[in-house]
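Visitor: pasting the sequence and the predicted model now:
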Amino acid sequence: MSTPDFSGEAKLHYSASDFTIMETGAYVVCAVTGERIALDKLKYWSADLQEAYRDAGVSTKRWLESRA
């Protein structure tokens, strides 16, 4: 029996109010800044674009860009 790897990048599926872990890992990467975001700190993402964001400012910037 193998132990899940919680050290690398996780693969998630984002919905409007939650996310599902598709592949285990310790973090996801911000789609705008490239920074690592620990899963327990992840609060901002786009279900439409299936992207994670570092914070509210980055999330808003990406939302505005995607609507232009």
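Guide: Sure thing, it's come through.
Visitor: and the most centrally placed residue in the chain, which helix or strand is it part of?
Guide: By C-alpha atoms, centre = their mean, the mean C-alpha position of the chain lies nearest to A52, the distance being 2.9 Å. Counting by DSSP states H and E, the element that carries A52 is strand 51-53.
Visitor: on the three-state scheme, the closest residue to V58 other than its chain neighbours is what?
Guide: In this structure, V58 finds its nearest non-sequential neighbour in V32, 4.9 Å apart by C-beta to C-beta, 6 or more residues apart in numbering. (Glycine included, C-beta is placed from N, CA and C.) Using DSSP: H, G, I helix; E, B strand; the rest coil, the structure places V32 in coil.
Visitor: so what's V32 up against?
Guide: Going by C-beta atoms under 8 Å, 6 or more residues apart in numbering, V32 touches E51, Y53, R54, V58, K61, R62.
Visitor: contacts for the following helix or strand past the strand holding A52, please.
Guide: Scanning forward in sequence from strand 51-53 by DSSP H and E, the next helix or strand is helix 56-67. Residues from elsewhere that reach helix 56-67, judged by C-beta under 8 Å, 6+ apart: C30, A31, V32, T33, Y44, W45, S46, D48, L49, E51, Y53.
Visitor: avg pLDDT for helix 56-67?
Guide: Mean per-residue pLDDT for helix 56-67: 95.
Visitor: buried set for stretch 19-29?
Guide: Across stretch 19-29, burial judged by 16 or more other C-beta atoms under 10 Å covers F19, G25, Y27, V28.
Visitor: where in the protein is pLDDT low?
Guide: Residue ranges of the chain with pLDDT under 70: 1-5.
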